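the sequence and its predicted three-dimensional model are supplied below.
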Amino acid sequence: MNKKFTTLIAEDDEISFELYKIRLHHFDLNIIHAPNGKIAVDKVKENPDIDLILMDIRMPVLDGYEATKQIREINSNVPIIAQTAFAAIPEHQEMLEFGFTEFIAKPLTETILDQIINKYRTKN
């Protein structure tokens with residue numbers, strides 16, 4: 001039996017997290033929630049089979065940048081998609097230096113989320 005595609009959603013805003021779940025329900029994903037960057041790092045340590053991470057940049061305890069740096073020490077291959085307000089998107093080189101695979105701008109539409117999930121699910 002194939003394992004479910006596992007997605008870690010690092011998002012401190014509970015309403016935003018619930019919107020992700022609603023927008024992604026048709027994929028039948030295994031979704032793991034991390035309400036802050038430290039918990040995101042801990043979840044990656046506990047779940048080595050995570051296939052994709054959607055990482056909010058502004059979070060308590062550890063922000064998305066620091067959490068991504070720490071996750072890269074644990075798992076250098078998992079795709080990490082930074083989610084941030086459009087105006088805050090840094091240059092491509094800076095994104096790579098922090099260890100992100102790519103950036104997407106908030107608010108995330110169902111179409112954007114579908115594209116991201118389909119893109120990385122087909123690589124597994």
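In hand now; what should we look at? Numbers count the residues shown, from 1 in each chain.

for the residue lying closest to residue 49 once chain neighbours are set aside, give its distance to residue 31.
Leaving aside its sequence neighbours, residue 49 sits nearest to residue 6 (Cβ to Cβ, 6 or more residues apart in numbering; 5.7 Å). Heads up, the C-betas are built off the backbone N, CA and C, glycines and all. In this view, residue 6 and residue 31 are 8 Å apart by Cβ to Cβ, to the nearest Å.

again with residue 117
11 Å.

neighbour-wise, which of the two wins?
When residue 117 and residue 31 are compared for neighbours, residue 117 comes out ahead with 20 against 17, by other Cβ atoms under 10 Å.

can you list the low-confidence ranges for the chain?
Applying pLDDT under 70 to the chain picks out residues 1-2, 85-93, 124.

pick out the residue closest to the middle of it.
Geometric centre of the chain, nearest residue: residue 54, 1.3 Å, by Cα atoms, centre = their mean.

phi and psi next, for that residue.
phi -100, psi 110 (degrees, to the nearest 10).

quick check on the residue nearest to residue 49: phi, psi?
phi -100, psi 120.

do residue 4 as well
Recorded main-chain torsions at residue 4 are phi -70, psi 150, according to degrees, to the nearest 10.

contacting residues around residue 83?
11, 54, 55, 56, 57, 64, 103, 104, 105, 106, 108 (Cβ atoms under 8 Å, 6 or more residues apart in numbering).

which of those residues count as buried?
Neighbour-count burial (16 or more other Cβ atoms under 10 Å) applied to the contacts of residue 83 gives 11, 54, 55, 56, 57, 64, 103, 104, 108.
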